[in-house]
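Chemist: Have a look at this prediction, sequence included:
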Amino acid sequence: MIYFNAFLFAGVVCLICQVVLDNTKLTPGHITSSVTVIGALLSFFGIYDKIVLHCGAGATTLISNFGHMLYSSGIAGYEEAGILGLFTKLLCSSGVAIVGVVIFSFVFTLLFKAKD
């Protein structure tokens, strides 16, 4: 059942983003930033953890998970070391995701040509 929930959640999020992209003047950058902020807000209200519990990888592979990860690691750092821990823990936890994105982007630019 978790596979179905993962597919359904990720599909609905992608559907909503595509509808917004097609029917507004927002750019993909605006939508990506918005979904990241929405993920952080859902994490703030304690909703994103429940979504991850029910949807598994369908919720952890989307860009909204980046917002959730930033919020969660920031709060954990703040609880450990105060205001300075907020920034240090934030960068340690999100650094893996950022480095992964940069490496995969580099590899795919070497393998594929952009359409003109």
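Modeler: Perfect, I can see it now.
Chemist: got the contact list for stretch 2-14?
Modeler: By Cβ atoms under 8 Å, 6 or more residues apart in numbering, the residues outside stretch 2-14 that reach it are 35, 51, 54, 55, 56, 57, 58, 59, 61, 62, 64. Every C-beta, even on glycine, is put in place using the N, C-alpha and C of the backbone.
Chemist: State the phi and psi torsions of residue 56.
Modeler: Phi and psi for residue 56, reported as degrees, to the nearest 10, are phi 60, psi -130.
Chemist: Burial check on it, number of neighbours?
Modeler: 15 (other Cβ atoms under 10 Å).
Chemist: re earlier: among the contacts of stretch 2-14, which one has the most neighbours?
Modeler: That'd be residue 64 among the contacts of stretch 2-14, by other Cβ under 10 Å, with 27 neighbours.
Chemist: Quick check: closest non-adjacent residue to it.
Modeler: Sequence neighbours aside, residue 39 is the residue nearest to residue 64 in space, at 3.2 Å (criterion: Cβ to Cβ, 6 or more residues apart in numbering).
Chemist: buried sites along the host helix or strand of the one you found?
Modeler: Following DSSP states H and E, one finds residue 39 within helix 28-44. Within helix 28-44, the residues that count as buried by 16 or more other Cβ atoms under 10 Å are 31, 34, 35, 36, 38, 39, 40, 42, 43.
Chemist: Contact partners for the fourth one?
Modeler: Right, residue 36. 63, 64, 66, 67, 70.
Chemist: Counting only helices, which of those make the cut?
Modeler: 64, 66, 67, 70 (DSSP state H).
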